Structures are given as C-alpha cells and as structure tokens.
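> What shape does this take:
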Amino acid sequence: MESPETLHPGLADFVVVTEIAEAQALAEPIFQRKYRAPAPPASHGHHILALVRTLDRAWVAASYLNYLPFENAMLIGGACTDGAVLGGLPESRRAQIRSAGGLMLQTVRYGEARFAERSIATFGHCGDDRSWAVLSRCGYQRLDHPHLIVRWNREPKPLVRSELIRKVDALGAF
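The predicted structure is shown next:
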C-alpha cells in the first residue's frame, strides 16, 4: 500500500481535491458522461471532487467520488473522471496527472485520509480492471464475494468483521 498522502506534489499548482457538500451540480456532467445517470444528491454521503485549473485559470470539476456512511464503515462509489476536461488541458499537465497515478487515485487518497478515523473500513464494488488498479494501490483487497472489496482502517474482531461483510454484501451493488 502506498502512502496515504492526499495530493501528489506535482499536481499542487493546478489540482485541488476537496469535499464539497453541495456537489451535485459540479458532478452532474462527469456523472452523466460516465454512468448516464444523475449525480448523487447532497444528502447522499460525502462528495469528493478533483478540480483542475484550465488555461483560462478557471477551476473545473474533473473527477468525482462518493463516500457513504454505513454502520461504522464507509461505502465508496461513483468514481468517474471527465476525459473531456482532461483533454482540454495541455499535454504537459495531462502527463503530470498520468505520472501522479491519475485523478481517481488522488480522490481516493483524499477520502481515505479524511474518513479513516471515523470508519473501521471502506467497502466498494469493483469489476473494472482500471478502477481495481487504483484501489489496490490504496490498500483495498478483494473479498470472497463477487466484486466486493474492502480497505480496513482497523482490523475488527472476527465476528464483527464477518457481520459487517455480510451486511455490506446484503446491500447488493451500491
């Protein structure tokens, strides 16, 4: 597992990763392109956005991730990055983002650092190889359930662990 730093230092001049309470309007274009569905509303947990500064110095939402509290854990989902926004950046900036592992890596690191103290674990559903490549770098591991993954912030007692996994699994895809 890599360091839980929240932002690669090479991105600090033009990327900001932050939680935004009322993120739906900013996340909507990204979410629509990726999932063809509305972005989660403000009431749906914690909304993490990576904003990039464009050539005209405007800040634009380029990547989104949601953390939803569940029991004493978090559920991670809705990860998406706007390729059109990235495509509008100069190649040197795109190369810096690639070199830093991408914007999803930056948003996951931010979220994990932000919620680790209040969450015993973060669970996700992952069937996508590109997403798994990022999540595994952040300490996620596969469970004996189709697509269910977890990042333990603290190792629970075996009974607590199995009960939490059972409850999360019962949710189905989230």
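> Pull out the buried positions in the helix or strand where L135 lies.
Assigned by DSSP states H and E, L135 falls within helix 129-137. Neighbour counts using 16 or more other C-beta atoms under 10 Å place S131, W132, V134, L135, S136 of helix 129-137 among the buried residues. Yep, even glycine has a C-beta here, placed from its N, CA and C like the rest.
> Restricting the selection to alpha carbons, write it to PDB.
Provided in PDB are the C-alpha atoms of helix 129-137 (Å, rounded to 0.1, in the frame of the first residue of the first chain):
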ATOM      1  CA  ASP A 129      -9.700  -3.500 -14.100                       C
ATOM      2  CA  ARG A 130      -8.700   0.200 -14.300                       C
ATOM      3  CA  SER A 131     -10.500   1.000 -11.100                       C
ATOM      4  CA  TRP A 132      -9.000  -2.000  -9.400                       C
ATOM      5  CA  ALA A 133      -5.500  -0.900 -10.400                       C
ATOM      6  CA  VAL A 134      -6.100   2.400  -8.500                       C
ATOM      7  CA  LEU A 135      -8.000   0.900  -5.500                       C
ATOM      8  CA  SER A 136      -5.400  -1.800  -4.900                       C
ATOM      9  CA  ARG A 137      -2.700   0.900  -4.700                       C
END
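> Could you measure from the nearest residue to P146 once chain neighbours are set aside over to F31?
With C-beta to C-beta, 6 or more residues apart in numbering as the criterion, P146 has its nearest non-adjacent residue at 7.9 Å, and that residue is G127. With distances taken as C-beta to C-beta, to the nearest Å, G127 is found 18 Å from F31.
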